[in-house]
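[1] turn this into a structure:
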Amino acid sequence: MPHLVLWDIDHTLIESRGVGHELSAAAFEQVTGQPMRDQAKIDGITEAVIFRETAMMHGLTTNRGDFERFAQALTEQHLQHAAELRERGSALAGAAAALDALAAANVRQTVVTGNIRAVAEIKLNIFGLDTHIDWDAGAYGEDADLRPALVRLALARSSATAADTVLIGDTPADVQGGRENGVRIIAVATGRSSTSGLREAGADIVLADLTDVDLLLKLVTGRM
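    Sure, this is the predicted structure:
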């Protein structure tokens, strides 16, 4: 039985419905002094890369210290607007039941996400999805720029082998992160990527969503 699941967060477990973009814009202006007129690509991209490339779109050159200030501002924005995120956003259908079922089957669970850790914790806590997450085993947007490096880091932090690990995400970047590390990939078409696009990216299995919890549990544990 695979003993570790690596979850993506946005569009896999939760949907912020525009709140995340608004909070990023507020944090960006707070740190740079410029309104965020546009934002770099975000799907499957880490927060450090999003901030750096968004700054470049505004004619700004940033360093690690700027990103760390942005990360702190973004955390503060999520704390201040938690009620709004709870009201406008949601856990995706089947997410809570999937987490519970995997935990009941003694499958260890953590996250590999482009979010910084503090924001990841806030997001899952808001929607009651944090109970079964081993946060110290995960990898986050401040840890590395690209998903393959994040997956490697999570494997190292968890002392898990690739053969005993399943990654669940919604973007081709999630799929790439798993493939480059020999991790089995279950993709869910709950974000902007289609089922065909996720298959073409190399996902081992593609599901429409997380609502068939019994099927997901069988796929993760290999008890088909």
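
[2] backbone torsions only: list them for residue 193.
    phi -90, psi 140 (degrees, to the nearest 10).

[3] how about it: what's its closest non-neighbour residue?
    Take residue 193 and drop its neighbours on the chain: the residue closest to it by C-beta to C-beta, 6 or more residues apart in numbering is residue 171, 5.6 Å away. C-beta: built from backbone N, CA, C; applies to glycine.

[4] please report phi then psi for that neighbour.
    Reported as degrees, to the nearest 10, the phi and psi values for residue 171 are phi -130, psi 160.

[5] gap between it and residue 64?
    To residue 64, residue 171 is 25 Å away according to C-beta to C-beta, to the nearest Å.

[6] try residue 26
    According to C-beta to C-beta, residue 26 and residue 64 sit 21 Å apart.

[7] what about the top helix by length along the chain, distance to the chain center?
    Taking DSSP state H as the criterion, the chain has its longest helix at helix 64-80. Helix 64-80 sits 17 Å away from the centroid of its parent chain (C-alpha atoms, centre = their mean, to the nearest Å).

[8] repeat that for stretch 199-211.
    From the chain centre to the centre of stretch 199-211 is a distance of 16 Å (C-alpha atoms, centre = their mean).

[9] stretch 80-97 now?
    Put simply, stretch 80-97 sits 14 Å off its chain's centre (C-alpha atoms, centre = their mean).

[10] same check on stretch 5-19?
    6 Å.

[11] could you do stretch 213-224 as well?
    Averaging C-alpha positions (C-alpha atoms, centre = their mean) puts stretch 213-224 21 Å from its chain's average.

[12] buried residues in that stretch?
    213, 216, 217, 219, 220, 221 (16 or more other C-beta atoms under 10 Å).

[13] low-confidence ranges, the protein, go.
    1-2, 223-224 (pLDDT under 70).

[14] helices of that one, start to end?
    19-32, 47-57, 64-80, 82-88, 95-104, 117-126, 147-158, 172-179, 195-201, 213-221.

[15] can you put the ones you listed in CSV and add distance to residue 139?
    Listed next are the helices of the chain as CSV, based on distance: least, C-beta to C-beta, whole Å:
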stretch, distance to residue 139
helix 19-32, 19
helix 47-57, 12
helix 64-80, 15
helix 82-88, 23
helix 95-104, 18
helix 117-126, 9
helix 147-158, 4
helix 172-179, 9
helix 195-201, 20
helix 213-221, 19
